[in-house]
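Novice: structure here, sequence nowhere to be found:
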């Protein structure tokens, strides 16, 4: 890994951390994206839905900014059949609700607050993600 | 427009730009990180490291410390998770989440940001993710009566 390949992840990660700090310090909330999506889906009463909708709008705004300044960030070369993407989405949505969070809420905010649940959840989805990639690439030849 | 809406918008936009700069909106980077038996790409470690250092320090200094801020700048109190127990739902949910994450290389945040790129996969993924959340609500939540 080249040195310049480290700066993007480090700076990008720092921005993600800063974004979560903004939501913590101003709104007093955890930047857990699956929880924010489901809060809007479940039509939480009044303001509870609205601030979450604004956060999601912000994510899209971030995407628009990337598209203008750094379009390569939005171009993926990963080929996956559509049914795999559907299955992946179903598992991610269901799993994030059952497990009370995802990579942002558990992986950054949970671990960052040294929450035992966040730390254990992060280790668990890292492990099952590693196992899944190993099975897909080694056993199934990456054709899934 | 309330100030809390604006701060949420700013937080979301920073989050989205950060994910893109970090390379996390490209699912092949996630797959390459999880592929420890192959041509391993450690990028995600640096992303998590960068995010965690910032969040850990800010949380310590501002929320945990006695002389930190007593309440959020725009809200009456911090609303943070307080549970510490490790139950079966947490472990099973995180495991299932990881399988989906490893299959397509998307987690919720990057997939939503990637919607703006106009490719098909992020739309299919986000729609399916929403379906998965609805399935959770109509099965597990209804069964538990809450």
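Specialist: That came through fine. What you are looking at is a predicted structure, and each value in this text was computed from that prediction instead of being measured.
Novice: hmm, residue B:20 and residue A:66 touching each other?
Specialist: Yes - judged on Cβ atoms under 8 Å, residue A:66 makes contact with residue B:20 at a distance of 3.9 Å. C-beta coordinates here come from the backbone N, C-alpha and C atoms, glycine included.
Novice: so the two - more neighbours on which side?
Specialist: Each of residue A:66 and residue B:20 has its neighbours counted (other Cβ atoms under 10 Å in any protein chain shown); residue B:20 has more, 30 against 24.
Novice: does the more buried one touch residue A:72 like I think?
Specialist: No - Residue B:20 is beyond contact range of residue A:72, at 9.1 Å (criterion: Cβ under 8 Å).
Novice: list residues touching both of the two?
Specialist: Overlap of the contact sets of residue B:20 and residue A:72 (by Cβ atoms under 8 Å, 6 or more residues apart in numbering or on different chains) is empty.
Novice: now do the SS call for residue B:75.
Specialist: Of the three states, residue B:75 takes coil under DSSP: H, G, I helix; E, B strand; the rest coil.
Novice: so it touches residue A:27, yeah?
Specialist: Yes - using Cβ under 8 Å, residue B:75 is in contact with residue A:27, at 5.6 Å.
Novice: next secondary structure after whichever helix in chain B runs longest?
Specialist: Ranked by residue count and defined by DSSP state H, the top helix of chain B is helix B:3-22. Using DSSP states H and E, the helix or strand that follows helix B:3-22 in sequence is helix B:27-34.
Novice: ok, is that next one in contact with chain A or not?
Specialist: Yes - remark: helix B:27-34 sits within contact range of chain A at B:27-28, B:31, B:34, by Cβ under 8 Å from any Cβ of the partner chain.
Novice: tabulate those (JSON lines), appending distance to residue B:50 and pLDDT.
Specialist: Compiled in JSON lines, the residues of helix B:27-34 next to chain A are given as follows (distance: Cβ to Cβ, whole Å; pLDDT from 0 to 100):
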{"residue": "B:27", "distance to residue B:50": "20", "pLDDT": "96"}
{"residue": "B:28", "distance to residue B:50": "20", "pLDDT": "95"}
{"residue": "B:31", "distance to residue B:50": "21", "pLDDT": "95"}
{"residue": "B:34", "distance to residue B:50": "19", "pLDDT": "97"}
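Novice: filter these down to the buried ones, PyMOL style.
Specialist: Buried subset of the residues of helix B:27-34 next to chain A, written as a PyMOL selection, criterion 16 or more other Cβ atoms under 10 Å in any protein chain shown:
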select buried, chain B and resi 27+31+34
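Novice: returning to what we had before: shared neighbours of residue B:75 and residue A:27, anything?
Specialist: Common neighbours of residue B:75 and residue A:27, counting by Cβ under 8 Å, 6+ apart, are residue B:4.
Novice: mind checking which of those two has more residues around it?
Specialist: Per other Cβ under 10 Å, whichever of residue B:75 and residue A:27 has more neighbours is residue A:27, with 23 against 17.
Novice: show the pLDDT at the closest residue to residue B:117 other than its chain neighbours.
Specialist: Spatially, and ignoring its direct neighbours in sequence, residue B:117 is nearest to residue A:74 (3.2 Å; Cβ to Cβ, 6 or more residues apart in numbering or on different chains). Residue A:74 carries a pLDDT value of 95.
Novice: got a list of what residue A:74 touches?
Specialist: Residue A:74 sits next to A:63, A:66-67, B:20, B:25-26, B:113-114, B:116-117, B:119 when contact means Cβ under 8 Å, 6+ apart.
Novice: got it, and residue A:116?
Specialist: Contacts for residue A:116 (Cβ under 8 Å, 6+ apart) come out as B:84, B:86.
Novice: whichever helix or strand residue B:95 is part of to helix B:27-34, inter-axis angle?
Specialist: Assigned by DSSP H and E, residue B:95 belongs to helix B:88-104. Using axes from the mean of the first three to the mean of the last three Cα atoms, to 10 degrees, the direction of helix B:88-104 lies 120 degrees away from that of helix B:27-34.
Novice: dump the residue contacts of the most centrally placed residue in chain B.
Specialist: Central residue of chain B (Cα atoms, centre = their mean): residue B:109, 5.6 Å from the mean position. Listed by Cβ under 8 Å, 6+ apart, the contact set of residue B:109 reads A:33, A:59, A:102-104, B:15-16, B:19, B:24.
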